[in-house]
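> I need the structure of the sequence given here:
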Amino acid sequence: MDPEDDPGADDDDDDDMLPEPALMRDSSWKCGNKWTRITKRFHHRFVTDVIGKPLRCASDSKVLLQAAADAFKAHEQAVKAGVLHRDISDCNVLITESGRCIVNDWDMAIYLPTADDKDASPRRPRHHERTGTWKFMSTLLVNGHHMASTIQDDMESFVLVILYHALRYFPHNKKQLTGFIIDEVFNRHLALPNGRPEGGQGRGSLFLNMYYIEPDFEMDCKPLNEWIHAAILAVKEWITGQTATSTPPTKRLGTKFKPQVPPEGEPDLLTHAVLCKYFTACLDFPDWLPDKPLDVIEELEKGERETKKRGYGAPDADNRRASKSNKSSGLQNARRSGKLNRGGSSGTPASSSRSSSGMTTRSS
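Numbering: from 1, shown residues only. Here you go, the predicted model:
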């Protein structure tokens with residue numbers, strides 16, 4: 001928990017325990033981001049009797065979506081209690097032995113202002129860092145639309161977590177493009193001189209225009225496919241509405257984020273209710289396949305290694321080198337014998353010359 005965001009934290013008690021800010025900034029142990037100030041944090045450690053496994057350990061696609069649904073409901077309950085997680089990722093949504101889910105790693109969570117806090121001042125965004133795991137941070141957050149995380153940022157992170165695991169571990173019709181899609185949508189970023197990552201255009205392009213996965217994207221598992229397409233439309237609606245009703249620095253959002261006509265009615269991501277209905281409806285589908293997870297990227301890389309090991313393509317390369325060598329030797333022999341002259345003699349089958357206009361002409 002960041003004391004800056006904790007309304008109950010008392011910073012005065014720890015002032016004597018920390019060196020001067022200038023000393024901390026210039027200390028030899030400091031590395032990484034060149035921020036102008038140090039954020040004080042408290043280290044917490046606690047032990048639970050529940051052992052959770054990463055989402056990639058889901059036994060099938062239904063277990064994956066069920067675990068995500070459990071985590072999403074837990075997030076809704078936390079928001080109702082006035083707490084925002086701010087770091088929804090693959091490592092923080094864990095599956096238990098019973099196939100259900102727990103939400104872990106609340107150290108970046110903050111208290112949300114409530115309706116009773118009439119005199120509460122707005123939460124100050126921390127401009128020296130954005131909170132979250134880059135792969136799963138929301139489109140608007142990574143593109144600089146705003147700095148302080150919102151409830152909708154966390155909800156989009158859930159969508160990204162499910163999409164990532166569906167693409168990587170379960171069968172779909174874009175298997176050969178999986179590595180490219182994950183790189184462009186989840187990993188692509190530019191590290192600025194101050195250490196802060198910038199990017200996320202691929203993420204916005206996916207939600208707004210179905211780039212990279214393309215409109216004909218289909219999961220083999222029909223219920224999971226239905227959920228993903230419905231969730232992508234919900235995120236698109238939210239992004240469109242936010243960019244239409246706000247005035248962010250447009251040059252940081254790129255051409256894909258030009259203001260558009262805001263959607264009519266309440267957007268699906270306004271509360272957790274609509275996505276919860278999506279979860280329930282898809283989990284109730286009778287057409288769930290007993291599909292087993294398989295790391296698509298690992299499988300593709302293994303296939304490439306086996307191809308190189310067997311030497312496929314090497315004979316062609318050898319033939320090209322041999323052909324080039326024979327051609328070079330033939331030209332040298334022709335020049336020595338006088339059959340091929342630079343000026344173009346009677347023994348030359350064809351020669352080229354440059355006309356006064358500068359164009360190359362060829363005579364037989």
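> And the strands in this protein?
Using DSSP state E, the strands of the chain run over residues 83-84, 93-95, 101-103, 110-111, 189-191, 197-199, 351-354, 360-363.
> and the second one, what other elements does it pack with?
Other elements packing on strand 93-95 under the criterion 3 or more CB pairs under 8 Å, 6 or more residues apart in numbering; DSSP states H and E are helix 61-80, strand 101-103. Backbone N, C-alpha and C define where each C-beta goes, glycine included.
> How about the first one?
Helices and strands touching strand 83-84, as assessed by 3+ CB pairs under 8 Å, 6+ apart, comprise strand 110-111.
> quick one: average confidence on the strand it packs on?
When pLDDT is averaged over strand 110-111, the result is 93.
> Given it, what are its sheet partners and their directions?
Take DSSP bridges as the rule and strand 110-111 pairs in its sheet with strand 83-84 (antiparallel).
> quick one on the thing from earlier: just put the helices and strands packed on strand 93-95 in a markdown table and tack on distance to P197, mean neighbour count and mean pLDDT.
Formatted as a markdown table, these follow (distance: least, CB to CB, whole Å; neighbours: other CB atoms under 10 Å; pLDDT from 0 to 100):
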| stretch | distance to P197 | mean neighbour count | mean pLDDT |
| --- | --- | --- | --- |
| helix 61-80 | 24 | 20 | 96 |
| strand 101-103 | 24 | 21 | 92 |
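> Between the ones you listed, which one is closest to G52.
Among the helices and strands packed on strand 93-95, the nearest to G52 by CB to CB is strand 101-103 (5.3 Å).
> For the closest one, give me every contacting residue.
When contacts are defined by CB atoms under 8 Å, 6 or more residues apart in numbering, strand 101-103 is touched by residues 50, 52, 66-71, 74-75, 78, 85, 88, 92-96.
> What residue, apart from its backbone neighbours, is nearest V142 spatially?
G200 (3.3 Å; CB to CB, 6 or more residues apart in numbering).
> count of neighbours near the one you found?
Neighbour count of G200, defined by other CB atoms under 10 Å: 24.
> quick one: it and K135 touch, right?
No. Using CB atoms under 8 Å, G200 is not in contact with K135; the gap is 10.4 Å.
> List the residues that contact Y212.
By CB under 8 Å, 6+ apart, the residues touching Y212 are 177, 180-181, 184-185, 202, 205-206.
> ok, of those residues, which come out buried?
177, 181, 184-185, 202, 205-206 (16 or more other CB atoms under 10 Å).
> among those, which two are most distant?
Spanning the widest gap among the buried ones among the contacts of Y212 are L177 and S205, at 14.3 Å by CB to CB.
> From V103, how far off is the residue nearest to C91 when sequence neighbours are not counted?
Spatial nearest neighbour of C91, excluding adjacent residues (CB to CB, 6+ apart): P54 at 6.5 Å. For P54, the distance to V103 equals 13 Å [CB to CB, to the nearest Å].
> same thing with K222?
The span separating K222 from V103 equals 27 Å under the rule CB to CB.
> and what of L160?
15 Å.
> ditto for S157
Separation of S157 from V103 (CB to CB) stands at 12 Å.
> joint contacts of these two?
Taking CB under 8 Å, 6+ apart as the contact rule, S157 and V103 both touch I88.
> Tell me how many other residues crowd D183.
13.
> Show the pLDDT at it.
On the pLDDT scale, D183 gets 95.
> swap in L23?
52.
> now do F46
Taking F46 on its own, its pLDDT is 78.
> For the contacts of Y212, name the two members farthest from one another.
L177 and S205 (14.3 Å).
> Contact partners for D105?
Listed by CB under 8 Å, 6+ apart, the contact partners of D105 are 87, 91-92.
> contacting residues for A68?
Listed by CB under 8 Å, 6+ apart, the contact partners of A68 are 55, 93, 101, 158, 161-162, 279.
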